[in-house]
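[1] give the three-dimensional model of this entry:
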Amino acid sequence: MQISARRINYSDLSAKTKWDLLTFSSMAIAFVIYITPLSSLAQRFWQQLALNSGIRFVPGAVQIDEPTSAAPLPKSLKSSPQKGDIIAGYQVTSPWGSRNTGIPGASTFHEGVDLGMPIGTQLHVIGQPGEKVQVRCWQDSGRGGLVASFRTGWGTEFDYLHLSKCQPGEHESGRIIALSGNSGVSSGPHAHITQRKGRSKVPPQSGYLWWAVTGSKP
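    Take a look at the predicted model:
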């Protein structure tokens, strides 16, 4: 069987066909991005653009996968806790959401979960077994007091606020990185834990709160 090919001139195409070709080309570019090694900054920009578009491969550069949790939690611990719930022996004193503490300077929408605990209670870095995590310690000039911040290997970020002590640097998963306190704007000794997905704060999941307190994956 012989198949003959016929050359088609772009100028001979109808307006609708030209539009269809343009649309198809735009879609192809949106789903397949080739990154040339111009600079690390340019590569990071295009890689983030690819992630935001749901693209799984970036030919010619580092392969990009859709963000997935490398540490799945038990179904019962995937939700964010409510006030009064007990996490690893500590009571949730202020859950995620709207609140009115009556404390001057305190937030009216709580972007984290508070666990009531004595000053000096140990808090641990979250990560897969053997994973090394970089911890940053800093002073929040607003309400948070002394803060420990870190990013897990699977991309989820955490902040521990109102600390009494914080140990910066590289730590293996499960190690003690901070002691709870009462620094910043606070109604009493507790640990405030914030969880982020990308740059957005999300309701902290009970399993990660357990992990932060115990140092072990639930």
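
[2] what's the spacing between residue 131 and residue 153?
    Going from residue 131 to residue 153 by C-beta to C-beta, to the nearest Å gives 5 Å. C-betas here are computed from N, CA, C, even on glycine.

[3] and residue 193, by the same measure?
    For residue 193, the distance to residue 153 - C-beta to C-beta - is 19 Å.

[4] just want to know which of the two has more residues nearby.
    Using other C-beta atoms under 10 Å, the more surrounded residue of residue 193 and residue 153 is residue 193, with 21 against 13.

[5] which SSE is that one in?
    Secondary structure here is read from DSSP states H and E; on that basis residue 193 sits in strand 190-197.

[6] which residues sit against that strand?
    90, 93, 111-117, 121, 123, 144, 155-163, 180, 182, 201-205, 208-209, 212-213 (C-beta atoms under 8 Å, 6 or more residues apart in numbering).

[7] can you mark which positions in the following helix or strand past it are buried?
    For strand 190-197, the succeeding helix or strand toward the C-terminus, using DSSP H and E, is strand 200-202. Neighbour-count burial for strand 200-202 flags residue 202 (criterion: 16 or more other C-beta atoms under 10 Å).

[8] next: stretch 139-155.
    140, 143-152.

[9] residue 168: which of those is nearest?
    If you rank the buried residues of stretch 139-155 by distance to residue 168 using C-beta to C-beta, residue 148 comes first, at 8.0 Å.

[10] now do the strand or helix carrying that closest one: everything it contacts.
    Per DSSP H and E: residue 148 is located in strand 145-151. Contacting residues not belonging to strand 145-151 are listed as 123, 125-126, 133-140, 157-166, 177-178, 181-186 [C-beta under 8 Å, 6+ apart].

[11] which of the residues you listed fall within strands?
    123, 133-140, 157-166, 177-178 (DSSP state E).

[12] pull out the buried members of these.
    Judged by 16+ other C-beta under 10 Å, buried ones among those: 123, 133, 135, 137, 140, 157-166, 177-178.

[13] distance of residue 190 from residue 214?
    To residue 214, residue 190 is 17 Å away according to C-beta to C-beta.

[14] just for this protein, where's the confidence low?
    1-13, 16-70, 99-107 (pLDDT under 70).
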